[in-house]
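Undergrad: One predicted model, sequence on top.
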Amino acid sequence: MPRSRSFAAVILAAGESTRMGTDKALLPWPPPTASQAQSQSQSLSKSQSKETFLSAAIRSLSAVADFVLVVVGKNESILAPVAYAHGASLAVNPDPSRGQFSSMQVGLREVLKRGRDAAMITLVDRPPVRTETVRSLCEAFELAAEKRKSAVVPQFAGKHGHPFLVGREMIEAFLQAPATATARDIEHKHQSQIAYIDVDDPFVTININTPEDYASLSTSSL
């Protein structure tokens, strides 16, 4: 898709996935069906050859961004092969225990260091959104910039979600905040700078935190 605005993509993947029990970035995508799940003990090489949450997110965002950054933490060694194999780069959060917002700041600093002043940000524990959703966000970002807005956030059924796009002004707001802040804190302080767009894509609001959450995806319509 032609782009008039140059931006990066940032995937936040430094969490420890304690409730899931395994790194969410490496969960197979799409999820296995019930019959496939019963035979998960089959060849490990087969499961490794499947796409994962992380590889699917990289593929989705690579289609529109100049480059993709994956923010990692203690899981650097296990995520690096997937990121590099799919053309992404790594940014390491030295202390991910500070929380997700600190990972966002690590990624955004790297975005600015690489000469970009806009970024599409998403979480690795969400199913990849539809291609048309990503394109709609990019188009909306161009229109929002013309109206002097600095961010575009998707919403489905009244709920805000990911991925979202931020320009230089919003990036600076994120970076000037303490690492203990949240993206929602900054959003509330800069409401006038944000354009919310409705999308027909429930994946923008879905979080996968537990095995039950993941299992519910395998039984839903993908």
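TA: Great, that's in hand.
Undergrad: Skipping its backbone neighbours, what lies nearest Val153 in space?
TA: Phe164 (4.4 Å; CB to CB, 6 or more residues apart in numbering). All C-beta spots, glycine's among them, are computed from the backbone N, C-alpha and C.
Undergrad: Show me where this structure has its helices.
TA: Applying DSSP state H to the chain gives helices spanning 34-37, 44-49, 53-62, 76-85, 100-113, 131-146, 168-176, 183-189, 211-218.
Undergrad: Out of those helices, which gets nearest to Val124?
TA: For Val124, the closest of the helices of the chain is helix 53-62, at 5.6 Å, according to CB to CB.
Undergrad: And for that closest one, what's in contact with it?
TA: The contact list for helix 53-62 (CB atoms under 8 Å, 6 or more residues apart in numbering) reads 9, 11, 13, 24-27, 29, 51, 68, 70, 79, 82-83, 85-88, 120, 122, 124-129, 131, 134, 163, 208.
Undergrad: Just the buried ones out of those, please.
TA: With burial judged by 16 or more other CB atoms under 10 Å, the buried subset of these is 9, 11, 13, 24-27, 29, 51, 68, 70, 79, 82-83, 86, 88, 120, 122, 124-129, 134, 163, 208.
Undergrad: sorry, back to before: what about the residue nearest to Val153, how many neighbours?
TA: 24 (other CB atoms under 10 Å).
Undergrad: OK, contacts around it?
TA: Applying CB under 8 Å, 6+ apart to Phe164 gives the contacts Met120, Ile121, Thr122, Leu137, Ala151, Val152, Val153, Pro154.
Undergrad: rerun that using 10 Å as the cut-off
TA: 119-122, 137, 141, 151-155, 170, 183, 187, 194, 196-197, 204 (CB atoms under 10 Å, 6 or more residues apart in numbering).
Undergrad: Just the buried residues of stretch 168-180, please?
TA: Within stretch 168-180, the residues that count as buried by 16+ other CB under 10 Å are Met170, Ile171, Ala173, Phe174, Ala177.
Undergrad: and if you look at stretch 198-216?
TA: Result for stretch 198-216 [16+ other CB under 10 Å]: buried residues Val199, Asp201, Pro202, Phe203, Val204, Thr205, Ile206, Ile208, Tyr214.
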